[in-house]
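>>> Dropping the sequence and predicted coords here.
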Amino acid sequence: QVQLVESGGGLVQPGGSLRLSCVASGFTFRSYAMSWYRQAPGKERELVAAISSAGVTTSAAGSVKGRFTISRDNAKNTVYLQMNSLKPEETAVYYCNALGALKTPYFDSWGQGTQVTVSS
């Protein structure tokens with residue numbers, strides 16, 4: 001059974017930083033590309049960043065390039081998202097998932113997500 005457990009969110013001031021973590025289980029983590037998504041109130045879930053199975057290749061949405069960094073530790077079955085220079089409009093629930101074809105989430109099931117609130 002796939003389990004994805006996100007953590008690390010919280011309340012941060014504009015311009016601040018947070019590091020999110022996602023611990024995965026129930027599948028062979030090192031064999032899957034992984035990704036972070038976010039969903040703001042009233043909006044669709046969007047892909048934020050992705051990383052290849054070995055961690056060699058990463059990509060990020062244009063709006064977060066240069067500010068967000070995705071990384072992973074295959075020994076710990078964990079993927080991370082370092083977020084710097086956060087903006088109020090990035091307030092959302094952040095989720096991780098494996099990365100499927102055409103940048104869609106691979107697994108149908110999702111974790112509970114972690115709330116990020118950017119506000120002064």
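Structure's in. What do you need?

>>> what sits against the closest residue to N74 other than its chain neighbours?
Distance criterion CB to CB, 6 or more residues apart in numbering; nearest residue to N74, sequence neighbours excluded, is R30 at 4.2 Å. For the C-beta atoms, the positions are set from N, CA and C on the backbone; glycine is no exception. Counting by CB atoms under 8 Å, 6 or more residues apart in numbering, R30 makes contact with 53-54, 74.

>>> ok, of those residues, which come out buried?
The neighbour-count criterion (16 or more other CB atoms under 10 Å) marks S53 among these as buried.

>>> Mark which of the contacts of R30 are part of helices, please.
The helices, defined by DSSP state H, take in nothing from the contacts of R30.

>>> what about the residue nearest to the spatial centre of the chain, which SS state?
Closest to where the C-alpha atoms of the chain average out (CA atoms, centre = their mean) is W36, at 2.4 Å. Per DSSP: H, G, I helix; E, B strand; the rest coil, the secondary structure class of W36 is strand.

>>> Tell me how far it lies from E44.
Applying CB to CB, to the nearest Å, the value for W36 to E44 is 15 Å.

>>> and what of N97?
15 Å.

>>> Next one: the residue nearest to N74, what pLDDT does it get?
R30 carries a pLDDT value of 97.
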